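Chemist: Dropping a prediction and its sequence here:
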Amino acid sequence: MRLALFEPDIPQNTGTILRLAACFSIGVDIIEPCGFIFSDRRLKRAGMDYLDQVELSRHDSWAHFIANDNQNRRIILLTTKAETCYTEFEFQPADILLLGRESAGVHDDVHDAVDARLRVPMSPDMRSLNIAVSAAMVLGEALRQTDGFPG
């Protein structure tokens, strides 16, 4: 299981997701460009001393990420535009959970390229959850289904 962040905007969210990944021994792919300098102090503050514990791969672009083989893993996009709820999906241990940019999600070509699109159900009058909260919810369900929790 891996998490992938598509052109992240907010360093605090990225730091929080990196900390989440470290705690669950999950690798992370960062698909650039980022909306911040990767050495940003806000990223480091949110990630604390967990950042050195994350298996992190950075990719110059979506094309570079896709070309990186990904060992024939499925790419699962978390999006408010999906029909399928994440709790109705059957995860596999090698899945990559892709999170879009906080301000704009992902481009249409990314939507078209993924293997599945999932949403987190919420009140109809709300736009979206914080990306780190969504990542934690869906990753937790994926790890539960695949018996992938560490320890």
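Modeler: Sure thing, it's come through. Values in this document were obtained by computation on a predicted structure and should not be read as measured data.
Chemist: count of neighbours near Asp52?
Modeler: Asp52 has 8 neighbours, counted by other C-beta atoms under 10 Å. No exception for glycine: its C-beta is placed from N, CA and C like everyone else's.
Chemist: Same check on Ile96?
Modeler: Going by other C-beta under 10 Å, the residues that sit close to Ile96 add up to 21.
Chemist: same question, Leu5
Modeler: 24.
Chemist: for Leu18, same thing?
Modeler: 26.
Chemist: Over to Ile66?
Modeler: 14.
Chemist: Can you list the helices and strands that the worst-scoring helix or strand of the chain on mean pLDDT packs against?
Modeler: Sorting the helices and strands of the chain by mean pLDDT, DSSP states H and E puts helix 41-47 at the bottom, at a mean of 79. Secondary-structure packing of helix 41-47 (3 or more C-beta pairs under 8 Å, 6 or more residues apart in numbering; DSSP states H and E): helix 11-23.
Chemist: Tell me which helix or strand the residue of the chain most remote from its centre sits in.
Modeler: Most distant from the centre of the chain: Asp125, at 24.1 Å, with distances by C-alpha atoms, centre = their mean. Assigned by DSSP states H and E, Asp125 belongs to no helix or strand.
Chemist: go on, Asp112?
Modeler: helix 108-113.
Chemist: Figure out how far the longest helix along the chain is from the centre of its chain.
Modeler: Ordering each helix of the chain by length in residues (DSSP state H) puts helix 131-146 first. Mean-position distance between helix 131-146 and its chain equals 10 Å (C-alpha atoms, centre = their mean, to the nearest Å).
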